[in-house]
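[1] this is a predicted model, with the sequence first.
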Amino acid sequence: MASKPIFPAVSLPSQVVERPLDLSAIDLNLLVWLSAILRCHSISQARKEVGLSARGAAQSLLRLREHFRDELVVVDKRGLTLTPVAMRLRPRVESALEAIDRILTASAPEPERFTLAMPDHQALLLVGKLTAYFRKASPSTSLRPVIGLTNALVKLENGEVDLVLGNANDAPVGFFRRTLPGIPTICLCRRGHMGKGHEFDYSELAQFTSLRINATDNANVADAFDGLDLIQPPSNRTLKVPDIHTAAVLLQQTDAVLVVPVTTAKCLIERYELDSLALSGKKLPEYKVGLIWHERGHRDEVHTGARNILSSFIANEPSGEGRHAVSS
């Protein structure tokens, strides 16, 4: 008994012709149907596996024949018989479907690095904790701290930075911000400070030199900034210093004062043997800071995890994530 086509034959050369690939003209679902035809012994079995109607199966096979310019399969007494072209296609089709399956089912690759721009007094507390977190949660990702906030938003927009720990009055569309709960503050001084043994009102701290840490270039008004300067007490004498360690050394050697978050204060008191002044009346303002990131990393699992754990480290409490545009 001679073999006969399943559907009307397409009068085309029986060979695979190399042509420029135009994916927009190809329905990749046809690969699934082609794979079923090449593996099954009957059209009905292939249809059942893929879930095609008789009409859909006929139309799909016709499109495959037109594309490959070959009959691909014919029916004889043994069932479906593959043409030589179909036999050469079978391993390629299976390999292609396996590759597509790996692409669609594989988890997103972890980033090679996570760059965080932050004030140095926060880096003092967080770099070690974040490094340990990445070692467990994403071993292939290395933490890259950027100390200071100068041009932080520009770097964030350009992809040089993944997250900014700071504040911003304005930023381009496409940025997100999470404001963290305020942190209590205390006033640091040296041991044996002239004010020890007395209680001071917040306004009375003006009699002492107040240290200011210059975390950013204030000439760039659109940049991110630290909230530390906003909590410093009023003073007729201020001294700007470049970093938290310089401030701590000056506290050791002078009667200057520095207001910092309690988390930073604990570390400085232990490392530099500092003390604090007792205050009465008005409480010191809370230190407020937030997280700012670009929308390109908003859904990335590693980035989301880093933001959540960082919020928890700073606020000392679990933190969920909300979406708040910095500017619209």
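    Here it is on my side, so go on. Numbering: from 1, shown residues only.
[2] tell me what the lengthiest helix in the chain is packed against?
    In the chain, ranked by residue count with DSSP state H as the criterion, the top helix is helix 84-105. Taking 3 or more C-beta pairs under 8 Å, 6 or more residues apart in numbering; DSSP states H and E as contact, the helices and strands that helix 84-105 lies on are helix 29-39. (Glycine included, C-beta is placed from N, CA and C.)
[3] what's the very next helix or strand once past the helix it packs on in contact with?
    From helix 29-39 onward toward the C-terminus, using DSSP states H and E, the following helix or strand is helix 43-50. The contact list for helix 43-50 (C-beta atoms under 8 Å, 6 or more residues apart in numbering) reads 6, 32-33, 36-37, 39-40, 53-54, 57, 80.
[4] hmm, try it at 6 Å
    By C-beta atoms under 6 Å, 6 or more residues apart in numbering, the residues outside helix 43-50 that reach it are 32-33, 36-37, 40, 57.
[5] wait, which of those residues is closest to residue 170?
    Distance to residue 170 across the contacts of helix 43-50 (C-beta to C-beta) is lowest for residue 32, with 50.4 Å.
[6] state the distance from that closest one to residue 274.
    In this structure, residue 32 and residue 274 are 69 Å apart, going by C-beta to C-beta, to the nearest Å.
[7] same question, residue 101
    Using C-beta to C-beta, we find residue 101 at a distance of 60 Å from residue 274.
[8] please apply the same query to residue 71.
    In terms of C-beta to C-beta, residue 71 sits 87 Å off from residue 274.
[9] who has more neighbours, those two?
    residue 71 (22 against 18; other C-beta atoms under 10 Å).
[10] ok, now which ones touch the more buried one?
    Under the criterion of C-beta under 6 Å, 6+ apart, the neighbours of residue 71 are residue 83.
[11] confidence score at it?
    We note a pLDDT of 91 for residue 71 in this prediction.
[12] for it, helix, strand, or coil?
    Reducing the assignment to helix, strand or coil with DSSP: H, G, I helix; E, B strand; the rest coil, the entry for residue 71 is coil.
[13] ok, the residue lying closest to residue 33 once chain neighbours are set aside to residue 86 distance?
    Spatial nearest neighbour of residue 33, chain neighbours left out: residue 60 (4.8 Å); criterion: C-beta to C-beta, 6 or more residues apart in numbering. As judged by C-beta to C-beta, residue 60 and residue 86 stand 15 Å apart.
[14] where does the stretch 1-150 of the chain have low pLDDT?
    The model of the stretch 1-150 of the chain has pLDDT under 70 over residues 1-26, 105-108.
[15] one more pass at 50, please.
    Scanning the stretch 1-150 of the chain for pLDDT under 50 picks out the ranges 1-17, 21, 23.
[16] and residue 201, how many neighbours does it have?
    Residue 201 has 12 neighbouring residues, counting by other C-beta under 10 Å.
[17] which residues in the stretch 151-300 of the chain form helices?
    In order along the chain, the stretch 151-300 of the chain carries the following helices (DSSP state H, counting those that start in this stretch): 152-158, 244-253, 262-272.
[18] dump the ones you listed into JSON lines; add mean pLDDT, mean neighbour count and distance to residue 207 as well.
    Listed next are those as JSON lines, based on pLDDT from 0 to 100; neighbours: other C-beta atoms under 10 Å; distance: least, C-beta to C-beta, whole Å:
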{"stretch": "helix 152-158", "mean pLDDT": "92", "mean neighbour count": "19", "distance to residue 207": "35"}
{"stretch": "helix 244-253", "mean pLDDT": "95", "mean neighbour count": "18", "distance to residue 207": "16"}
{"stretch": "helix 262-272", "mean pLDDT": "93", "mean neighbour count": "16", "distance to residue 207": "21"}
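[19] residue 180: which of these is closest?
    Shortest distance between residue 180 and these, using C-beta to C-beta, is found for helix 262-272: 11.8 Å.
[20] enumerate every residue touching residue 228.
    By C-beta under 6 Å, 6+ apart, the contact set of residue 228 is residue 213.
[21] what do you get if the cut-off is 8 Å, keeping everything else the same?
    Residues in contact with residue 228 (C-beta under 8 Å, 6+ apart) are 119, 121, 213, 215, 260, 287.
[22] so how far is residue 135 from it?
    In this view, residue 228 and residue 135 are 29 Å apart by C-beta to C-beta.
[23] before we move on, the earlier item: could I get the contacts of residue 228 as TSV with neighbour count and distance to residue 202?
    Formatted as TSV, the entries for the contacts of residue 228 read as follows, by neighbours: other C-beta atoms under 10 Å; distance: C-beta to C-beta, whole Å:
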residue	neighbour count	distance to residue 202
119	24	22
121	27	21
213	22	19
215	26	22
260	27	15
287	24	14
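[24] which of these fall within strands?
    Judged by DSSP state E, strands contain the following of the contacts of residue 228: 213, 260.
[25] could I get the contacts of residue 228 as JSON lines with distance to residue 96?
    Listed next are the contacts of residue 228 as JSON lines, based on distance: C-beta to C-beta, whole Å:
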{"residue": "119", "distance to residue 96": "51"}
{"residue": "121", "distance to residue 96": "55"}
{"residue": "213", "distance to residue 96": "58"}
{"residue": "215", "distance to residue 96": "54"}
{"residue": "260", "distance to residue 96": "60"}
{"residue": "287", "distance to residue 96": "57"}
